[in-house]
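In: pasting the sequence and the predicted coordinates here, then a few questions.
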Amino acid sequence: MSFKEGFLWGGAIAANQCEGAWNVDGKGPSIADTAPYFGENQDHDNYVCFQDMSKEDVYACLNDQQGIYPKRWGIDFYHRYKEDIQMFAEMGFNVLRMSIAWSRIFPNGDEEFPNEKGLQFYDDVFDECLKYGIQPLVTLSHYETPLGLSLHYGGWLNRKTVYFYEKYVTTVFKRYQNKVKYWITFNEINNILSGLYVGGGILKDYTTDNRKQDTYQAIHHLFLGSALAVKKCHEIIPDAMIGCMIARRESYPASAKPEDNLVCFEESQENLFFTDVQMRGYYPSFIYKTWQENHVNIIKQKEDDQILLDGKCDFVSMSYYMTVVSQAKIDENTKMVSGNDMHGIKNPYLESSSWNWQKDEIGLRIALRRLYDRYQKPIFIAEIGLGEKDEIAPDGKIHDSYRIDFLRDYIRMAGKAVDDGVDLFGITCWGCIDLVSMSTSEMSKRYGFIYVDVDNYGKGTYRRMKKDSYYWYKKVIQSNGKEL
Ligand code: BG6
């Protein structure tokens, strides 16, 4: 197996799921701070808890004294980042994928000047990483639109948000030009298809009767934002690489019926539409039919096509957790599965996690080859991982052999994809330290190599403990993926 020399090995986190300190040092609220935890009985597998909201819902969250909003305290990374980064360094990380909380820099999104304390915080975090030889790979927006932009502008439905984003990214490129050489414009940009608020910061008050029109208009603005960010990044940090990211939806036809295969193909195309525009710089021809069928009429300005063309990404990245099955005709007996934003038919040949996410390492190999075939550009695995309920054993340790088995299979297949000819340059395992779940806002679904002693209600010592997988991943990194 042949991961290249200098391969980037590390973990991935997001500001809104780990920093906490949601209103500290001038930070404004982001949409993530309105994501409630609904208790043990919530529907775990098919659910993003802050998918569709109105202004009224948002104000109710902000005034809610009883509710539980775990992303507001996270795992207190804001105050404990030194200890955490030191543990990442000891595992051998040479990359840490993290995000900047946009509303730490521009608290409402539309200020004239940035918040110096927010900028200083990331200076400190990046310095701490670089001290250990860890390259920060920064996602500029990870489900973290400033709430001010949602409430007062309609989030990404409003073209003004493109320019607020451009100002924000220009600010951080200038500030961190000597510290950060890898960037991603938007986390899982395609997930706006299932949630306008989570993916685009768009409140119901701003939408029309044609959801598809609103969705594709907002997507157009996201594409412009991404392209402008790429251009700025190239100008300000010529030696940096900036990429795009999708939640890859790999799927199999339910049968050999041509109809099932066609549906499967089209679902894949809908997913790759996002990377098509960001990697190639123009809309693929198939989207015009979708727009026509759904009465979508994108409002564009004359310079937009050129902006997209001038802002092609340098690499493509993806989160990859599971696969689903596609079938032309679904009836009430069809067994469905889902994993946060991914829905599809259950595959009888695959095992599922406690949250019903279907494990499929071969699907990862296929996904990598598909992306490489399509774009012929370097690929980065921004997220793989297993969310499970970890227990502290009587010996005081966390024996997460299931996580080791899971990641071993996935990393082995990533290696096979490299042998197949894919130009893969790094892997960051999701939630390398336990953090709050994006979809359900719970702590009990843990992904980490490092356990954090805090429960769904924010109670606990916040002590960090190494799980068995911590020592395993350390060996994987030391051997550059040979010892699995
Ligand atoms: C991805 C997101 O969808 O999956 C992360 O980029 C998220 O933010 C991860 O945490 C796992 O999903 P969840 O819902 O289990 O936290």
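Out: That came in fine, so what should we check first?

In: for the rest of this, base every contact and every neighbour count on C-alpha atoms.
Out: Fine.

In: residues of the stretch 251-400 of the chain that sit close to the ligand?
Out: Within reach of the ligand by Cα under 6 Å from any ligand atom, the stretch 251-400 of the chain has these residues: Asn340.

In: for the stretch 1-150 of the chain, what spans make up the helices?
Out: Applying DSSP state H, counting those that start in this stretch to the stretch 1-150 of the chain gives helices spanning 15-18, 55-63, 77-91, 102-105, 116-131, 147-153.

In: show the end-to-end separation of stretch 325-345, please.
Out: Here the two ends of stretch 325-345 are set 5 Å apart, with distance taken as Cα to Cα, to the nearest Å.

In: just the buried residues of that stretch, please?
Out: Going by neighbour count (16 or more other Cα atoms under 10 Å), the buried part of stretch 325-345 is 325-327, 337-345.

In: next: stretch 125-134.
Out: 125-130, 132, 134.

In: next up, the contacts around the residue lying closest to Pro29 once chain neighbours are set aside.
Out: Computed as Cα to Cα, 6 or more residues apart in numbering, the closest residue to Pro29 that is not its neighbour in sequence is Leu147, at 5.6 Å. Counting by Cα atoms under 8 Å, 6 or more residues apart in numbering, Leu147 touches 28-31, 108-109, 201.

In: just the ones in strands from those residues, please.
Out: Among these, the subset assigned to strands under DSSP state E is empty.

In: now those in a markdown table, with distance to the ligand and neighbour count?
Out: Output for those, formatted as a markdown table (distance: Cα to the nearest ligand atom, whole Å; neighbours: other Cα atoms under 10 Å):
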| residue | distance to the ligand | neighbour count |
| --- | --- | --- |
| Gly28 | 20 | 22 |
| Pro29 | 17 | 24 |
| Ser30 | 14 | 28 |
| Ile31 | 13 | 26 |
| Asn108 | 22 | 21 |
| Gly109 | 21 | 26 |
| Gly201 | 15 | 31 |
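
In: contacts for the lowest-mean-pLDDT helix or strand in the chain next, please.
Out: The weakest-scoring helix or strand in the chain, judged by mean pLDDT, DSSP states H and E, is strand 336-339 (a mean of 78). Contacting residues not belonging to strand 336-339 are listed as 45-46, 322, 324, 343-346, 355-357 [Cα under 8 Å, 6+ apart].

In: for the residue nearest to Pro29, give me the pLDDT.
Out: We have a pLDDT of 98 for Leu147.

In: give me every residue that touches Tyr216.
Out: By Cα under 8 Å, 6+ apart, the contact list for Tyr216 reads 296, 298.

In: and for Arg280?
Out: By Cα under 8 Å, 6+ apart, the contact set of Arg280 is 309, 312, 375.

In: burial count for the nearest residue to Asn191 once chain neighbours are set aside?
Out: Of all residues beyond its chain neighbours, the one nearest Asn191 is Gly199 (5.8 Å), with distances taken as Cα to Cα, 6+ apart. By other Cα atoms under 10 Å, the residues close to Gly199 number 31.

In: quick one: which helix or strand includes Gly199?
Out: Assigned by DSSP states H and E, Gly199 belongs to helix 196-200.

In: ok, residues contacting that helix?
Out: Helix 196-200 is contacted from outside by 31-32, 50-53, 143, 145, 155-157, 189-193, 202-203, 215, 218, using Cα under 8 Å, 6+ apart.

In: narrow those residues to just the buried residues.
Out: Going by neighbour count (16+ other Cα under 10 Å), these have 31-32, 50-53, 143, 145, 155-157, 189-193, 202-203, 215, 218 buried.

In: so which elements touch the host helix or strand of Ser251?
Out: With secondary structure defined by DSSP H and E, Ser251 is part of strand 250-253. If you count contacts as 3 or more Cα pairs under 8 Å, 6 or more residues apart in numbering; DSSP states H and E, strand 250-253 packs onto helix 258-280, strand 323-326, helix 361-375.

In: show me which helix runs longest in this protein.
Out: Criterion DSSP state H: the longest helix present in the chain is helix 211-236.

In: report the distance from whichever helix or strand comes after it to the chain centre.
Out: Going down the chain from helix 211-236, the next helix or strand is strand 241-247, by DSSP H and E. Mean C-alpha position of strand 241-247 versus that of the full chain (Cα atoms, centre = their mean, to the nearest Å) differs by 10 Å.

In: among the buried residues of stretch 325-345, which pair sits farthest apart?
Out: Using Cα to Cα, the buried residues of stretch 325-345 span at most 20.4 Å, a distance reached by Gln327 and Asn340.

In: closest one to the ligand out of the buried residues of stretch 325-345, please.
Out: Nearest to the ligand among the buried residues of stretch 325-345: Asn340, at 5.0 Å, using Cα to the nearest ligand atom.

In: touching, that closest one and Ser439? I think so.
Out: Yes - at 5.6 Å, Asn340 and Ser439 qualify as touching, with contact defined as Cα atoms under 8 Å.

In: Ile477: what's it in contact with?
Out: By Cα under 8 Å, 6+ apart, the residues touching Ile477 are 9, 91-93.

In: ok, and of those, which contact the ligand?
Out: Of the contacts of Ile477, not one also sits near the ligand (Cα under 6 Å from any ligand atom).

In: quick check: phi and psi at Thr428.
Out: As for Thr428, its main-chain torsions (degrees, to the nearest 10) stand at phi -120, psi 120.

In: chain neighbours aside, what residue packs nearest to the residue nearest in space to the middle of the chain?
Out: Note on the chain: the residue nearest the mean C-alpha position is Asn187, at 3.9 Å, using Cα atoms, centre = their mean. Excluding the flanking residues, the one nearest Asn187 by Cα to Cα, 6+ apart is His142, at 4.8 Å.

In: ok, of the helices of the stretch 1-150 of the chain, where does mean pLDDT dip lowest?
Out: It's helix 55-63: among the helices of the stretch 1-150 of the chain, that one has the lowest mean pLDDT, namely a mean of 95.

In: which parts of stretch 105-123 are buried?
Out: So for stretch 105-123, counting by 16+ other Cα under 10 Å, buried means 105-110, 114-115, 118-119, 121-122.

In: hmm, back to that, for the least confident helix or strand of the chain, C-alpha coordinates in PDB please.
Out: Provided in PDB are the C-alpha atoms of strand 336-339 (Å, rounded to 0.1, in the frame of the first residue of the first chain):
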ATOM      1  CA  MET A 336     -34.900   3.100   4.100                       C
ATOM      2  CA  VAL A 337     -31.800   4.300   6.000                       C
ATOM      3  CA  SER A 338     -30.300   7.600   6.600                       C
ATOM      4  CA  GLY A 339     -27.300   9.300   8.200                       C
END
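
In: no further questions, thank you.
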